[in-house]
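A.B. asks: pasting the sequence and the predicted coordinates here, then a few questions.
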Amino acid sequence: MYIEDYQKSRYLVIIDKLKEEIDRGNLTAGERLPSETELAKNFKVSRSTVREALRALEQENIVTKKHGIGTFINQKPLYSNGIEELFSVTDLIQRKGYTPGTKLIFSDYIIPNKHEKQKLSLKDNEKILLVKRIRTSNGEPLVYCIDKVPQYLLPNECKLDRESIFDFLEAKVNIKIDYATTSIGTTSYLPEISDALKCDMDTPLLVLKQSHYDENDQLVLYSINYFRSDNFNFHVFRKRLK
């Protein structure tokens with residue numbers, strides 16, 4: 001592997017070359033890359049340039065650096081989706097041709113904490129329906145979902161009785177989710193959640209926090225979803241304003 005395009009920043013050329021090797025199958029998931037010293041020699045650049053390239057690839061979740069061991073190629077995500085369109089986890093799984101499933105961890109009405117009360121604009125003594133689930137794809141754990149719905153929206157303390165919480169709200173109380181605001185972040189190993197998703201301690205989690213609104217701009221559902229970072233890649237279409 002040698003650099004031929006000197007018109008481009010050297011670390012960008014390294015990134016492109018390594019991506020090309022991955023796409024061609026010359027570098028496969030789980031394979032350890034050569035050391036920084038070897039890569040620097042092969043590409044005829046400094047080790048700092050190699051580190052810059054590897055840091056960028058790690059941010060894209062293409063490689064994982066394990067301290068004291070080396071840098072490894074990650075598995076390509078099974079799911080790659082834009083987040084401009086609002087979809088349920090059930091929709092996401094079915095669109096890939098897989099069978100969605102659910103493992104219920106917790107479902108009950110509870111007194112909300114201060115943050116939940118403020119977030120959902122609740123009055124004193126108003127409860128929320130708290131649901132914790134592991135969503136599966138063809139039986140394999142995929143997403144750890146935490147959903148919160150104000151009690152006053154639901155009749156007779158009814159419980160979630162179907163795969164999609166969107167379908168549940170529409171069927172039970174005729175609430176149709178119209179849009180959501182979303183924040184995306186990452187977190188390191190969380191014992192309860194990472195273990196449930198069969199993640200090792202080196203696998204970070206993608207976290208989507210979403211506030212869902214109905215057609216009257218009322219906040220009706222707050223969700224926190226934890227995704228395995230090695231299975232998911234979310235992207236956003238952005239257009240420059242004129």
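C.D. replies: Nice, thanks for sending it over.
A.B. asks: could you use CA atoms for every contact and neighbour count after this?
C.D. replies: Will do.
A.B. asks: would you confirm that Leu154 contacts Val173?
C.D. replies: Yes. Leu154 is within contact range of Val173, at 6.6 Å (criterion: CA atoms under 8 Å).
A.B. asks: who has more neighbours out of the two?
C.D. replies: With neighbours defined as other CA atoms under 10 Å, Leu154 and Val173 compare such that Leu154 has more, 15 against 11.
A.B. asks: and that one, backbone torsions?
C.D. replies: Dihedral angles of Leu154 (phi, psi; degrees, to the nearest 10) stand at phi -110, psi 140.
A.B. asks: what residues are up against it?
C.D. replies: 172-173 (CA atoms under 8 Å, 6 or more residues apart in numbering).
A.B. asks: and it, how close does it get to Leu104?
C.D. replies: The gap separating Leu154 from Leu104 is 19 Å, by CA to CA, to the nearest Å.
A.B. asks: with Gly185 instead?
C.D. replies: With distances taken as CA to CA, Gly185 is found 24 Å from Leu104.
A.B. asks: where does Ser194 fall, secondary structure wise?
C.D. replies: Here Ser194 sits within helix 191-196, counting by DSSP states H and E.
A.B. asks: check which helices and strands that helix sits against.
C.D. replies: Judged by 3 or more CA pairs under 8 Å, 6 or more residues apart in numbering; DSSP states H and E, the packing partners of helix 191-196 are strand 140-150.
A.B. asks: what's the average pLDDT for the strand it packs on?
C.D. replies: If you average the pLDDT over strand 140-150, you get 94.
A.B. asks: contact partners of it?
C.D. replies: By CA under 8 Å, 6+ apart, the list of residues contacting strand 140-150 from outside reads 120, 122, 126-136, 193, 196-198, 220-228, 231.
A.B. asks: among those residues, name the buried ones.
C.D. replies: Neighbour counting by 16 or more other CA atoms under 10 Å classes 120, 122, 127-136, 193, 197, 220-228, 231 among the contacts of strand 140-150 as buried.
A.B. asks: before I go, just wanted to say thanks for your time.
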